[in-house]
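In: Compute the structure for the input listed below.
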Amino acid sequence: RYLVAGNPFGRDVWLRSAVVSPGNARVVHHVLVFNATSFTDVLQIKAGLGGYFAAYVPGMAQGEYPVGTGKLLKKNAFMVFQMHYTVTGQPETDQTEVGLYLAEGIPGRELRTAAAYTTTFTIPPGASDFPGRAEFEMPRDGMVYEFSPHMHYRGRSFKFEAVYPDNRREVLLNVPFYRFDWQTLYRLAEPKRLPAGTRIVTTGTWDNSPKNPYNPDPSA
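Out: Below is the predicted model:
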């Protein structure tokens, strides 16, 4: 479901945090909030594959943005809520909300959330360690502050690497034991400067075997 809400301030504002709170955690699988000023922006969002403005997933601890950063909500912006629900076998209601916390001034850097993704793969039935890969290329020099791996119940592991323009590689984050109900937002102790052209390569594995207790159907 997609729901729309306007900018409640009626002016340009810089935010130090945007916290999404599910009204009914039993049925809210995830929430992505997008910041748009036109329906063209909505199309470019690609249902979340192009990044998001704010989010909720199970296990994510939400707080203030990294020091010196903020997100801009323009006067004419509207927020698009992508609500992903799951069933419980009975009627349910939900009233999810987002709390917008204003910054005291204009921050030094605008914080943006982007995504590395791929949608063209099939996990074979019964596979216990199936690999996948996606990447995002830095369009210009920038600072990376945090990472958020996202998979579903078959997710097993996740890793982020930087491949620099000179082909040097560096592991940025390694999550060898991924769990859907604990999708932690990993903030670096020190922000990492990456030059333009650096590729952030993500690799993951899926456990589609009967040994995965979270697997809904190893035969699919």
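In: From here on, just use CA atoms for contacts and neighbour counts.
Out: OK.
In: low-confidence ranges in this structure?
Out: Along the chain, the parts satisfying pLDDT under 70 run over 43-44.
In: Quick check: the residue positioned nearest the centre of it vs residue 162, distance?
Out: Centroid check for the chain by Cα atoms, centre = their mean gives residue 148 as the closest residue, at 5.7 Å. Distance, residue 148 to residue 162, by Cα to Cα, to the nearest Å: 15 Å.
In: about what we covered before: can I assume the residue nearest to the centre of the chain is in contact with residue 182?
Out: No. Under the criterion of Cα atoms under 8 Å, residue 148 is not in contact with residue 182, lying 10.9 Å apart.
In: how about the residue nearest to the centre of the chain, what does it touch?
Out: 183-186 (Cα atoms under 8 Å, 6 or more residues apart in numbering).
In: and what of residue 149?
Out: Contacts of residue 149 (Cα under 8 Å, 6+ apart): 158, 183-185.
In: For it, which three-state class applies?
Out: Put simply, residue 149 is coil when judged by DSSP: H, G, I helix; E, B strand; the rest coil.
In: same deal with residue 45?
Out: Assignment for residue 45 (three-state DSSP): helix.
In: Skip the chain neighbours and tell me the closest residue to it.
Out: Using Cα to Cα, 6 or more residues apart in numbering and skipping the chain neighbours, the partner closest in space to residue 45 is residue 51 (6.7 Å).
In: And for this protein, the residue most distant from the center?
Out: Largest centroid distance in the chain under Cα atoms, centre = their mean is residue 90 at 29.1 Å.
In: Shouldn't that residue be within a helix?
Out: No. According to three-state DSSP, residue 90 belongs to no helix; its state is coil.
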